[in-house]
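[1] missing the sequence, but the structure's below:
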């Protein structure tokens, strides 16, 4: 079964994450053989030409006599093979005999430091794109030294076993593009070393647990499932660089709580598209310091677009199309220096500022399907007359950062949000910001 189609933004950074995760593997695996370890850089550039995690390197030539944990690992792999009811490509045909290090898709290495075993151990399983039909057995936890499990693009169904939480060395778990179902697999949250979690394109349902964003994950791929309910407020505390929540059934508002200096400052890509999110576009989104891709399209968001989005100095892709946003498109948003794709199409914007007007006609700017008078490819007037209003919305606007009464909007370059300098707005921090000791937020305006 080939990889199903997904919105191109969701694949922008998969390759970089899989590469970056292997730094952990390099620390865990001590074999001198370069074929038994993975390595990668710890920094990220823009995620382009994304792909699935790369195949792991081949195992060194090991024999059963070299394996210090062969009996238990042999039993685990036999249980995995027995759980497969259809192997159309013969991916497991080499899984014969007791020398598990000779099995195709099984990767062995020297044990990690401190492991209570001698000789080679099974360090990884890579059976991507094998079209295997079956289940994932609980006995997989007997492979106690696994550092990666790559099982994407198969036909594995049922629940994810609770025993996965016993895999203390596991850093990469890719179960994407399968038929798994049930609630969010809580066992994945118990894996202490996990940094890459890919559950895309399955049938998981129910609410997202708060703990998934509190865990020390670098990549969280949850798109194309059936998750529902509100997105936990812990979203912005995640240390991840990429979070994809697209194509689910999530409802309620985009979380607004954001902590200055918190872990959310590492986030480079977040995808909310094609859910059922309502309410305002939060002011706080403009203060994500490293964001490069932000997709809020195909939801039910309404109200005016906050000018704080002009603070996203490094953003390259901003997509708010197919919502119910109204008002005038802020000029400062159109002045973002690194933007390569700005789509505000199919909302109810009634005007575009002079700065946005300069982008009209460029392929990187799409404002079709709005209510801008005198422009082509806009909504019919009856639709514009029935545009959703702002009644009942409470979209907090930041003093100074949005508009000084009687003056133009203030650009982020001109307004410094800091602590202890300038005019202080005391009490609770605005737009959901959190801080210790009741410290007020300061907005310094020239």
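    Nice, thanks for sending it over. Just so it is clear, the model here is predicted, and its values are computed rather than measured. Numbers count the residues shown, from 1 in each chain.
[2] drop to CA atoms for contacts and neighbour counts, all remaining ones
    Fine.
[3] all helices of the stretch 201-350 of the chain, in order?
    211-214, 331-334 (DSSP state H, counting those that start in this stretch).
[4] The first one packs against which elements?
    Which is helix 211-214. For helix 211-214, there is no helix or strand it packs on, judged by 3 or more Cα pairs under 8 Å, 6 or more residues apart in numbering; DSSP states H and E.
[5] Likewise for the last one?
    Secondary-structure packing of helix 331-334 (3+ Cα pairs under 8 Å, 6+ apart): helix 354-357.
[6] mind listing the helices in the stretch 51-200 of the chain by residue range?
    Using DSSP H, counting those that start in this stretch, helices in the stretch 51-200 of the chain cover 70-82.
[7] Nearest to residue 115, out of the helices of the stretch 201-350 of the chain?
    helix 211-214 (28.0 Å; Cα to Cα).
[8] And the average pLDDT for that closest one is what?
    Regarding helix 211-214, the rounded mean pLDDT is 95.
[9] Next: stretch 221-230.
    Here the average pLDDT along stretch 221-230 is 98.
[10] contacting residues around it?
    197-208, 242-253 (Cα atoms under 8 Å, 6 or more residues apart in numbering).
[11] Now with 7 Å, please.
    Stretch 221-230 has contacts (Cα atoms under 7 Å, 6 or more residues apart in numbering) with 197-208, 243-252.
[12] buried residues in it?
    221-230 (16 or more other Cα atoms under 10 Å).
[13] and those as JSON lines, adding distance to residue 74?
    Below are the buried residues of stretch 221-230 laid out as JSON lines (distance: Cα to Cα, whole Å):
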{"residue": "221", "distance to residue 74": "31"}
{"residue": "222", "distance to residue 74": "32"}
{"residue": "223", "distance to residue 74": "34"}
{"residue": "224", "distance to residue 74": "35"}
{"residue": "225", "distance to residue 74": "33"}
{"residue": "226", "distance to residue 74": "36"}
{"residue": "227", "distance to residue 74": "36"}
{"residue": "228", "distance to residue 74": "40"}
{"residue": "229", "distance to residue 74": "42"}
{"residue": "230", "distance to residue 74": "43"}
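[14] any low-confidence regions in the stretch 151-300 of the chain?
    257-264 (pLDDT under 70).
[15] could you pull out the strands for it?
    155-158, 172-174, 179-183, 196-198, 203-206, 219-221, 226-230, 242-244, 249-252, 258-259, 269-271, 276-279, 293-295, 300-304 (DSSP state E, counting those that start in this stretch).
[16] ok, now the stretch 301-446 of the chain?
    Using DSSP E, counting those that start in this stretch, strands in the stretch 301-446 of the chain cover 317-319, 324-329, 341-343, 348-352, 365-366, 416-418, 424-425, 433-434, 441-444.
[17] worst average pLDDT in those?
    Among those, strand 424-425 scores lowest, with a mean of 30.
[18] coming back round to it: and among the helices of the stretch 201-350 of the chain, the most buried is which?
    Per-stretch averages of neighbours, counted by mean count of other Cα atoms under 10 Å, single out helix 331-334 among those, with a mean of 21.
[19] Can you add distance to residue 132 and give the helices of the stretch 201-350 of the chain back as CSV?
    Putting the helices of the stretch 201-350 of the chain into CSV (distance: least, Cα to Cα, whole Å) gives the following:
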stretch, distance to residue 132
helix 211-214, 28
helix 331-334, 47
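[20] re earlier: looking at the buried residues of stretch 221-230, which one is closest to residue 157?
    For the buried residues of stretch 221-230, the nearest to residue 157 is residue 225 (13.6 Å; Cα to Cα).
[21] Can you give me the distance of residue 362 to residue 174?
    According to Cα to Cα, to the nearest Å, residue 362 stands 39 Å off from residue 174.
[22] out of these two, which sits in the busier spot?
    residue 174 (22 against 9; other Cα atoms under 10 Å).
[23] For the more buried one, which residues count as its bridge partners?
    Per DSSP bridges, residues listed as beta-bridge partners of residue 174: residue 150, residue 198.
[24] Is it correct that residue 336 is in contact with residue 310?
    Yes. If you go by Cα atoms under 7 Å, residue 336 and residue 310 touch, sitting 6.3 Å apart.
[25] Who has more neighbours out of those two?
    Using other Cα under 10 Å as the criterion, residue 336 and residue 310 rank with residue 310 on top: 23 against 18.
[26] contacting residues for the spatially closest residue to that one that is not a sequence neighbour?
    Excluding the flanking residues, the one nearest residue 310 by Cα to Cα, 6 or more residues apart in numbering is residue 333, at 4.7 Å. Residues near residue 333 by Cα under 7 Å, 6+ apart: 307, 309-310.
[27] Could you let me know which of these ends up closest to residue 144?
    Distances from residue 144 to those, taken by Cα to Cα, are shortest for residue 309, at 46.3 Å.
[28] mind checking how far that closest one is from residue 316?
    12 Å.
[29] And those two? Which one has more around it.
    For residue 309 and residue 316, the more surrounded residue by other Cα under 10 Å is residue 309, and the numbers stand at 26 against 18.
[30] Next up, the contacts around the more buried one.
    285-286, 333.
[31] Swap in 6 Å and give it another go.
    Residue 309 makes contact with residue 286, according to Cα atoms under 6 Å, 6 or more residues apart in numbering.
[32] swap in the one 3 residues further on?
    The neighbourhood of residue 312, defined by Cα under 6 Å, 6+ apart, consists of residue 286.
[33] And for residue 217?
    By Cα under 6 Å, 6+ apart, the residues touching residue 217 are 195, 240.
[34] Residue 256 versus that one, what's the distance?
    21 Å.
[35] Same question for residue 71.
    Distance from residue 71 to residue 256, by Cα to Cα: 52 Å.
[36] now residue 221
    To residue 256, residue 221 is 21 Å away according to Cα to Cα.
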